[in-house]
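K.L.:
Predicted model and sequence follow; I will ask about them next.
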Amino acid sequence: MTRRSNQTNDALLKQQPNPASQAAVLTDLYWYVQIIEAGGFSAAAEQTGVGKSSLSRRIAHLERQLKVQLLNRSARLCAMTTIGEQVYRYALDVISSLESAMRAAQESTDTPSGLLKLAVPSAMASWMLATMADFQKLHPRVQFSLTLEDGQIDLATQRLDLAFTLDAVPEMSSSIVARPLAELEMVIVGTPAVLARLGHPSTLNGIPDGALLTTGTPARPAPWKLVKGDKTISHPALIVDSSQTLLSAARAGLGLAYIARHTCSAHLAVKELLPSCQSEALRPAKLYAITPPHKGITSTARYLIDHIKASFSTALPDGVRVI
């Protein structure tokens, strides 16, 4: 081999990523995420058992490697810069992929096992708990971490293996798959006293927003979804953050609620709540399973989805239809 070819090879090697450097960056990214999620160096040191000075050195090393400033530091404040926020989101994806790879290795047998982290809307919480209990009887080596979430889902940020959502499907991307599972019949309900006060209405025409209950936030109250078009509620009597709280508010007589039938069927059966505005055609809510792409979904999550589909063939909650 000539001296010129040796020099060429040396130059090419210098252009290649350094595996040792990349490994160090991955480690530093992990500690960066721990610091952000803990809320600062001191809290992260307390939670992880790693010294504050060691964590500070790791972040300083990461900033040198990336050639950017990730954090604005002061005596009392540790806040991400704009590029720091971007790096944080990429780091979450990296760590999530690493965790998925580790779980895939652990689940190399056909037996579901390990921790499954999932989120479910509060309207489906009771159903999901019963489903989890049945699944765990079949697969006792599975453990669950369950979060109730009625808003938008972000698998990477929330570190979830699987999520279920009603209509609130994340923006489609190559990083998630949304699988429709079922439709939920929606109803408008209220106590006998509320319906009497409103004159037992058959439609929503003329009913003030102040007699209606909804979910969402004060800035963005959730509309009621009608076949003829969404009913915008600008000034509801009450805005809550979960379907279970919405049900409690309706039972307390605070107003009319737009809610999944299966959530309130027991209260309808004993006439604690009554259906209202029955001339209005309501759009059903769709239940989706949100997962990573095929290669990223864990075998345990896949087993649970299959178990849910099988359970639908034998027993469905009131007002739920398989799609």
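P.N.:
The structure has been received and is ready for your questions. Numbers count the residues shown, from 1 in each chain.
K.L.:
Tell me the secondary structure at Met132.
P.N.:
Counting by DSSP: H, G, I helix; E, B strand; the rest coil, the backbone at Met132 sits in helix.
K.L.:
And for the residue nearest to it when sequence neighbours are not counted, the neighbour number?
P.N.:
Nearest residue to Met132 in three dimensions, chain neighbours excluded: Phe144, at 5.6 Å (C-beta to C-beta, 6 or more residues apart in numbering). (Glycine included, C-beta is placed from N, CA and C.) Residues near Phe144, counting by other C-beta atoms under 10 Å, number 17.
K.L.:
now Asp167
P.N.:
14.
K.L.:
residue contacts, it?
P.N.:
225, 285-286 (C-beta atoms under 8 Å, 6 or more residues apart in numbering).
K.L.:
So for it, what's the pLDDT?
P.N.:
Asp167 carries a pLDDT score of 76 in this model.
K.L.:
repeat for Val322
P.N.:
83.
K.L.:
where exactly do the strands run in the stretch 151-300 of the chain?
P.N.:
Using DSSP state E, counting those that start in this stretch, the strands found in the stretch 151-300 of the chain span residues 162-166, 177-184, 186-190, 212-215, 238-240, 256-260, 274-275, 285-291.
K.L.:
what comes up buried for the last one?
P.N.:
What it means is strand 285-291. Across strand 285-291, burial judged by 16 or more other C-beta atoms under 10 Å covers 285-291.
K.L.:
can you check stretch 28-44 too?
P.N.:
Neighbour counts over stretch 28-44 (16+ other C-beta under 10 Å) mark 28-29, 31-36, 38, 40-41, 44 as buried.
K.L.:
same check, this time on stretch 242-261
P.N.:
In stretch 242-261, counting by 16+ other C-beta under 10 Å, buried: 242-247, 249-251, 254-261.
K.L.:
and what of stretch 214-222?
P.N.:
For stretch 214-222, burial by neighbour count (16+ other C-beta under 10 Å) applies to 214-216, 221-222.
K.L.:
any chance of those residues in a markdown table, with pLDDT and distance to Leu304 too?
P.N.:
A markdown table is the format used below for those (pLDDT from 0 to 100; distance: C-beta to C-beta, whole Å):
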| residue | pLDDT | distance to Leu304 |
| --- | --- | --- |
| Thr214 | 96 | 31 |
| Thr215 | 92 | 26 |
| Gly216 | 89 | 29 |
| Pro221 | 92 | 33 |
| Ala222 | 91 | 28 |
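K.L.:
Just the closest of those residues to Tyr90, please.
P.N.:
The closest of the buried residues of stretch 214-222 to Tyr90 turns out to be Gly216 (C-beta to C-beta; 30.2 Å).
K.L.:
partners of that closest one in the sheet?
P.N.:
For Gly216, the beta-bridge partners under DSSP bridges are Pro221.
K.L.:
quick one: it and Leu273, what's the gap?
P.N.:
According to C-beta to C-beta, to the nearest Å, Gly216 stands 21 Å off from Leu273.
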